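K.L.:
here is a sequence together with a model predicted from it:
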Amino acid sequence: TNIDVASPKRTKDIINKYGFTFKKSLGQNFLIDQNILRKIVGAAELDETKGALEIGPGIGALTQQLAQEAGRVTAIEIDNRLIPILQDVFADTPNVHVEHGDVLKMNLPELMEKQFAGLSGISVVANLPYYVTTPILMKLLEEKLPLENIVVMIQKEVAQRMAAKPGGKEYGSLSVAVQYYCVPELVCIVPHTVFIPQPNVDSAVIKLSLRKEPAVDVEDEAHFFRTVQASFAQRRKTLMNNLTAFVGKESREQLTPLLTSCGIEPTRRGETLSLEEFAALSKALLAAGF
Ligand code: SAM
């Protein structure tokens, strides 16, 4: 039992012992590479005073490494078939707690308060199920959980969109939402050979360091995000055209002076606007009654 869960042999042994079969619908691709695990755990900057919240532990490859670095690990797993396996694997690891359930339906503030009381900081560290990456990350950010950072393995394209700067085709409402709350940093690109079974997309590890204050000052957060959504509604259209749908055709003439007052050329596209410009735009739209 001292052998790393992530070694290909131990993984196969566990799978055979319990007769476990992978469910594609739950995004089950388990890690079998120690180097990648070390990179993920290293990026989270844990020590014994910190807590790690893991989403989707699988059979515990990452959980095991986290337990060696962090003071306490709480791992949320949706698949009931994995719960007895995890309980066996971590029977002698008292700082690991396994919680059965769907992370999207869970009361995370309550769970964190209960599990991480007295610790000096909390990280989310996970190899996420790719079918729900964005909903999971948006839940973590929108609930404003007391996190220091989030280090996750996700689909490469999604990681690139999160870290994208204005001007490129990867920059969109996901980039703005993530960068409003966090400073993103691409840790590494990961080949599919480190998983069993191998996914048919490329993966990347991204680190999101949570800001103490949002990146820009906005009057009304919900309005700011509606403005961003509206600006990206149809990517090939100008801001003027996308925002016409937002304010209504009858108010279209008001847009040119409004955009100009924010220092934004009406012929620009949403994908060229910085977070500061979106914040100014949202404020101006609000002030004009939109
Ligand atoms: N951490 C393990 C590893 O790296 O080997 C497994 C990662 S696997 C990509 C994703 C895991 O998330 C699976 O164990 C899956 O059952 C679990 N999962 C999927 N949807 C979930 C949800 N909504 N809530 C909690 N866990 C979920």
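P.N.:
Here it is on my side, so go on.
K.L.:
for Ser7, give me phi and psi.
P.N.:
phi -70, psi 140 (degrees, to the nearest 10).
K.L.:
Lys169: what secondary structure?
P.N.:
When classified by DSSP: H, G, I helix; E, B strand; the rest coil, Lys169 comes out as coil.
K.L.:
which residues sit in contact with it?
P.N.:
Arg235, Glu271 (C-beta atoms under 8 Å, 6 or more residues apart in numbering). (Each C-beta comes from the backbone N, C-alpha and C, glycine too.)
K.L.:
looking at the chain, which residue is nearest the ligand?
P.N.:
Gly56 (2.0 Å; C-beta to the nearest ligand atom).
K.L.:
wait, doesn't that residue sit right on Phe30?
P.N.:
No - at 9.9 Å, Gly56 and Phe30 do not qualify as touching, with contact defined as C-beta atoms under 8 Å.
K.L.:
excluding sequence neighbours, find me the nearest residue to Gly270.
P.N.:
Using C-beta to C-beta, 6 or more residues apart in numbering and skipping residues adjacent in sequence, the residue nearest Gly270 is Ser231, 3.4 Å away.
K.L.:
before we move on, the earlier item: and the residue of the chain closest to the ligand, what does it touch?
P.N.:
Each residue near Gly56 by C-beta under 8 Å, 6+ apart is listed here: Gly27, Ala75, Ile76, Glu77, Ile78, Val103, Ala126, Asn127, Leu128, Pro129.
K.L.:
the same query, at a cut-off of 6 Å, please.
P.N.:
Residues in contact with Gly56, defined by C-beta atoms under 6 Å, 6 or more residues apart in numbering, are Ala126, Pro129.
K.L.:
tell me the confidence at it?
P.N.:
Here the pLDDT value assigned to Gly56 is 98.
K.L.:
from Ala222, how far out is the residue nearest the centre of the chain?
P.N.:
Centrality entry for the chain: nearest residue to the mean C-alpha point is Leu137, 3.3 Å, by C-alpha atoms, centre = their mean. Leu137 sits at a distance of 18 Å from Ala222 (criterion: C-beta to C-beta, to the nearest Å).
K.L.:
in stretch 19-29, what's buried?
P.N.:
Within stretch 19-29, the residues that count as buried by 16 or more other C-beta atoms under 10 Å are Phe20, Leu26, Gly27, Gln28, Asn29.
K.L.:
just flag the most distant two among these.
P.N.:
The distance between the two most remote of the buried residues of stretch 19-29 (C-beta to C-beta) is 15.0 Å, for Phe20 and Gly27.
K.L.:
is Pro257 in a helix, a strand, or coil?
P.N.:
When the rule is three-state DSSP, Pro257 gets the label helix.
K.L.:
and it, how many neighbours?
P.N.:
By other C-beta atoms under 10 Å, 12 other residues sit near Pro257.
K.L.:
near the ligand, which residues of the chain?
P.N.:
By the rule C-beta under 6 Å from any ligand atom, the part of the chain lying against the ligand is 26-31, 55-58, 61-62, 76-79, 82, 102-104, 127, 129, 132.
K.L.:
now, these that are in strands?
P.N.:
Phe30, Leu31, Ile55, Ile76, Glu77, Asn127 (DSSP state E).
K.L.:
what's the burial count for the second one?
P.N.:
Counted with other C-beta under 10 Å, residues neighbouring Leu31 total 23.
K.L.:
ok, the first one next?
P.N.:
Using other C-beta under 10 Å, Phe30 has 23 neighbouring residues.
K.L.:
any idea how far Ile154 is from it?
P.N.:
Note on Phe30: its distance to Ile154, by C-beta to C-beta, is 16 Å.
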